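Chemist: could you work out the structure for the sequence below:
(one chain, ligands or ions: 1)
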Amino acid sequence: MYNSKIAGLGAYVPENIVTNDDLAKLMDTNDAWIQERTGIEERRHIKKGDGNTTAKMGVKAAQIAIERAGLSKDDIDMIVFATLSPDYYFPGCGVQVQHLMDMKTIPALDVRNQCSGFVYALATADQFIKTGMYKNVLVIGSENHSGGLDFTTRGRSVSVIFGDGAGAAVLTREEDTSKGILSSHLHSQGEHALELCLQGPSTEHWVPQIIEENPQENIPYYPYMNGQFVFKNAVGRFSEVIMEGLAKNKLSPDDIDMLIPHQANLRIAQFVQRKFNLSDDQVYNNIQKYGNTTAASIPIALTEAWENGKVKEGDTVVLAAFGSGFTWASSIIKW
Ligand code: UT7
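Modeler: Down below sits the predicted model:
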């Protein structure tokens, strides 16, 4: 058995910055509400014609991660791509990355676990490396939210939160099993699937049916979120899954050098920080700049933290996420 370690990280966000004031021109919202309730100051949106898609942003992040790992695209044995906003209903973005990067006919797998997608994807890649089946696995989280949000007042409680972007990690074999990903902890609770979802277009909500029913009030092809219910579940599950990971490795919150929480809401991250009595230096947040980028949020934050020297060799790094599904997950890493 091997361990896997993160050998390279990369991130890409579209250039187009959308401020809270920009959104206030489209809907009844304001900078003070958004900052107070979420911590978000601005986010990035793909601009028509800038050439970005979920897969293409993923490629840009992946190229940086592969280069930083000191590898070439031909060294990659597998692609695991996490997104809730794929370019196509099918096939997934993983195969597009294989094609766009002109890679060998390596396997490509898409993970559909929304905000915890990256941690699930990392855990999946880790298993392939642990067993010895593959040596280098490219893990990508990427989202094009702006293409599918309701930018009228009707959609304001969701559309002000989400932003576009991508992050990637190259996982590689680590022979020293006291290093790298020490453990992953994955959960789901499908009874709450409809509390945070986008129901259509899908086989249950097919486009002709949507048009026929013409639902003005309840449009299933925009995301729906029961914000307060999700919030309450998030704070509980974040704490649980972090504790589960620490306990498994006989660690305590004091041992955390860096916690990278999924960037769902600054208030959720602050709640978790207070609960575990962590200092500002032990938690990395960048939701202020990017909003919630779902499967991309952890790899973008982890890349930034690493670039800023906040994640160093020997550090205990904790990744934790909660979101639609509900699904939640954590990863305990010895850097
Ligand atoms: O990443 C996946 C997991 N996601 C999460 O964990 C998100 C969890 N939930 C949240 O972050 C928060 O629930 C939200 C940020 C979505 C909402 O914050 P809230 O403090 O729960 O606000 P609320 O939904 O209770 O809405 C309060 C008021 C309402 O008005 P009334 O009924 O009090 O008159 C909303 O209509 O704020 C209104 N509102 C807005 N006002 C201005 C909702 N959205 C907006 C908006 N601008 N964008």
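Chemist: where does the stretch 151-300 of the chain have low pLDDT?
Modeler: Within the stretch 151-300 of the chain, the set of residues satisfying pLDDT under 70 comprises 208, 210-212, 214-220.
Chemist: just the helices in it please.
Modeler: 156-159, 207-213, 227-248, 266-275, 287-290, 297-307 (DSSP state H, counting those that start in this stretch).
Chemist: got the angle for the longest one vs helix 266-275?
Modeler: Right, the one you point to is helix 227-248. Per axes from the mean of the first three to the mean of the last three CA atoms, to 10 degrees, the angle that helix 227-248 makes with helix 266-275 is 40 degrees.
Chemist: is helix 227-248 up against the ligand anywhere?
Modeler: Yes: using CB under 6 Å from any ligand atom, helix 227-248 comes into contact with the ligand via 227-228, 230-231, 234. Using the backbone N, CA and C atoms, a C-beta is placed for each residue, glycine as well.
Chemist: for the ligand, what's the nearest residue on the stretch 151-300 of the chain?
Modeler: Taking CB to the nearest ligand atom as the measure, the stretch 151-300 of the chain has residue 227 as its residue closest to the ligand, at 2.7 Å.
Chemist: the residue lying closest to that residue once chain neighbours are set aside: how many residues sit nearby?
Modeler: Closest residue to residue 227 apart from its sequence neighbours, by CB to CB, 6 or more residues apart in numbering: residue 157 at 5.7 Å. The local packing of residue 157 (other CB atoms under 10 Å) involves 15 other residues.
Chemist: quick check, residue 157 in contact with residue 230.
Modeler: No: if you go by CB atoms under 8 Å, residue 157 and residue 230 don't touch, sitting 10.8 Å apart.
Chemist: residue 89: how many residues sit nearby?
Modeler: Residues near residue 89, counting by other CB under 10 Å: 9.
Chemist: is it true that it touches residue 201?
Modeler: Yes: contact status for residue 89 versus residue 201: in contact at 7.3 Å, counting by CB under 8 Å.
Chemist: near residue 105, how many other residues are there?
Modeler: For residue 105, using other CB under 10 Å, the count is 6.
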